[in-house]
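Predicted structure and sequence below. I'll ask about it afterward.
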Amino acid sequence: MTDRRDFIGYIGTGAIGGIVGYYVGAQELLGIQSEEVVRSSSDDTPTEDTPTEDTPTEDTPTEDTPTEDTPTEDTPTEDTPTEDTPTEDTPTEDTPTEDTGEGGSGLVTSGFPRSQYDNQNTGSPSAINGPRGSPTRRWQFGTDGNNHTTPAIHDGVAYFGGGGGENNQNKHVYAVNIDDGSELWRFESDAAFQSSAAVGDALYIADNNGQLYALNPADGSEIWSTQIGQASYTASPVVTADRVYMGDPETGGVVGINKETAEEEWTFDTPSGILSSPAIVDNTLYCGTETGTVYAVGIADESPRWEFSADGEVTGAPVVKNGDVYVTTAAGSVHAITAETGDERWTTNTDQSIRSSPAVDDTSLYVGDGELFESPGRVYSLSTDSGEIEWRFRTEGSYGGRQGAIIQSPTVGQERVYFGVDSNKLYAVNKEDGTEVWRFDTSVVLSSPAIYEGVLYTGIDSDAVLALE
């Protein structure tokens, strides 16, 4: 699936920013049933990876060992570093990092408030872990259609839209008790919801008709709605103290909506579509386009501070951390850009196309690659200082052309990197050395996971949102 319009139509245009709608059509073409899980044979064992020309150092791939159809804890082989015995997880309250636009961040300061966690898109609630050992299903909530959204978690509630692929017409937003998966309320729109919600003073989410909603998190009642475009929006809104920002995946540009009046009061135009969430840090908005241009825009005056030309289309969200902006491209490259000047610090090439955003902690950048149903996926850990590949982990394929591509962004906790793949699996790997901690067999995963207090939440393609503990 290499055509951009077909691809985005299948999986969407969001937080990978947006690879979520195209999947249903491809599934029908391949004759795939979501619930089936078939292991690849030992002949599918990954071969040794060869570093690309831009790869600073050589690394050793992690070998996957096929497991049973139940979630299992990986048993390291003789050549695989062993995993330290996990200590007892102590849930902590993590606060999203200081990601201020004008007026400050408008996200709640606990839980997992939006896809990729904060307005910097770091995907890294550093004091939180998901499941530690072989996970079990806490609950599974049916959404009557493939679900490619990332739940927003706050105050004991998971919030998510019902939509997924282009054939999914679930027009609901749900609030679900995180303890038992019971429905607390639902809101119905005139169009399906593929957007991932963001929680601040209200719950913000966009639908497939270009309507942005502010809902009351307590009961789902509508506070206001406003038309922001004509596209199917799947990215997560960026919420500051004063405004809600969304990029347009079809016509391009970013709009800022006043949270009190629901009026458009901020705009920045781009010549091509923005397929993912912008990032906002220190009164600067960063966005990437499908033609490969990355912009830094002053929020105060709506004017560009710099432009950077990446070497391919940017479908993932920019990630900002410690004065640097990280972007990935469909050409398989990762760029580190100085946030102040727009100068390139380093570029590293991976083996396959990158459709997702990276996640970042204080020392490393974690990124997944692979083309949906066409190529195997790998997760890489890169040094934020140099771009050097610290380790890589190769996923396992399955049947029907599913290769194990990583289409949505990883999430990084205190000790693990969590991610889903198109070959019916969720993984956790050790973020220090890339060794597999566990895998869980499910259906196709085209969502970025949310984690909170030892539980992982994600949309899956068997018409559900899943909670694992």
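On my side now, so go ahead. Residues are numbered from 1 along each chain as shown.

For the rest of this, base every contact and every neighbour count on C-alpha atoms.
Fine.

the strands in the stretch 301-450 of the chain, which residues?
For the stretch 301-450 of the chain, applying DSSP state E, counting those that start in this stretch gives strands covering 304-309, 319-321, 324-328, 333-338, 344-349, 359-360, 364-368, 378-383, 389-394, 411-412, 416-421, 425-430, 436-441, 450-452.

Can you name every helix or strand that the helix or strand hosting residue 186 contacts?
Element membership for residue 186, per DSSP states H and E: strand 183-188. For strand 183-188, the elements it packs on are strand 172-177, judged by 3 or more C-alpha pairs under 8 Å, 6 or more residues apart in numbering; DSSP states H and E.

Off-centre distance for the strand it packs on?
Distance of strand 172-177 from the chain centroid (C-alpha atoms, centre = their mean, to the nearest Å) equals 20 Å.

average pLDDT across it?
Averaging pLDDT along strand 172-177 yields 97.

send the alpha carbons of it over as PDB?
This file holds the C-alpha atoms of strand 172-177, laid out as PDB (Å, rounded to 0.1, in the frame of the first residue of the first chain):
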ATOM      1  CA  HIS A 172     -20.400   7.900  18.900                       C
ATOM      2  CA  VAL A 173     -18.000   9.200  21.500                       C
ATOM      3  CA  TYR A 174     -17.800   7.000  24.600                       C
ATOM      4  CA  ALA A 175     -16.900   7.400  28.300                       C
ATOM      5  CA  VAL A 176     -16.000   4.100  30.000                       C
ATOM      6  CA  ASN A 177     -15.100   3.200  33.500                       C
END
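
got the angle between that strand and strand 183-188?
170 degrees (axes from the mean of the first three to the mean of the last three C-alpha atoms, to 10 degrees).

Now do strand 172-177: which elements does it pack against?
Using 3+ C-alpha pairs under 8 Å, 6+ apart, strand 172-177 sits against strand 157-161, strand 183-188.

In JSON lines, list the ones you listed along with mean pLDDT.
Below are these laid out as JSON lines (pLDDT from 0 to 100):
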{"stretch": "strand 157-161", "mean pLDDT": "97"}
{"stretch": "strand 183-188", "mean pLDDT": "97"}
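
hey, which of the ones you listed is tucked in deepest?
Mean neighbour count (mean count of other C-alpha atoms under 10 Å) peaks for strand 157-161 among the helices and strands packed on strand 172-177, with a mean of 29.

so who does residue 326 touch?
318, 319, 320, 334, 335, 336, 337, 358 (C-alpha atoms under 8 Å, 6 or more residues apart in numbering).

who's it bridged to?
Assessed by DSSP bridges, residue 326 has beta-bridge partners residue 319, residue 336.

Ok, residue 365 next?
In this entry, residue 365 is beta-bridged to residue 360, residue 382, by DSSP bridges.

pLDDT score assigned to it?
98.

So it is in contact with residue 386, correct?
No: Residue 365 lies out of contact with residue 386 (C-alpha atoms under 8 Å); the separation is 10.6 Å.

which one of these two has more residues nearby?
Between residue 365 and residue 386, residue 365 has the larger neighbour count (other C-alpha atoms under 10 Å), namely 24 against 14.

The chain: helices as residue ranges?
Applying DSSP state H to the chain gives helices spanning 4-11, 23-30.

Least confident of those, on average?
Mean pLDDT per stretch puts helix 23-30 lowest among the helices of the chain, at a mean of 39.

okay, now residue 118: neighbour count?
28.

The one 3 residues further on too?
The number of residues packed near residue 121 is 27, by other C-alpha under 10 Å.

could you measure residue 256 against residue 271, distance?
18 Å (C-alpha to C-alpha, to the nearest Å).

which of these two has more neighbours?
Remark: of residue 256 and residue 271, residue 256 carries more neighbours, 23 against 12, as counted by other C-alpha under 10 Å.

ok, the more buried one - contacts?
For residue 256, the contact set (C-alpha under 8 Å, 6+ apart) comprises 243, 244, 245, 246, 264, 265, 266, 267.

Beta-bridge partners for it, please?
residue 245, residue 266.

can you tell me how far it sits from residue 345?
30 Å.

Relative to residue 209, how far out is the nearest residue to residue 458 once chain neighbours are set aside?
Sequence neighbours aside, residue 449 is the residue nearest to residue 458 in space, at 4.9 Å (criterion: C-alpha to C-alpha, 6 or more residues apart in numbering). Residue 449 sits 25 Å away from residue 209, going by C-alpha to C-alpha.

Check residue 464 too.
22 Å.

same deal with residue 162?
Distance from residue 162 to residue 209, by C-alpha to C-alpha: 15 Å.
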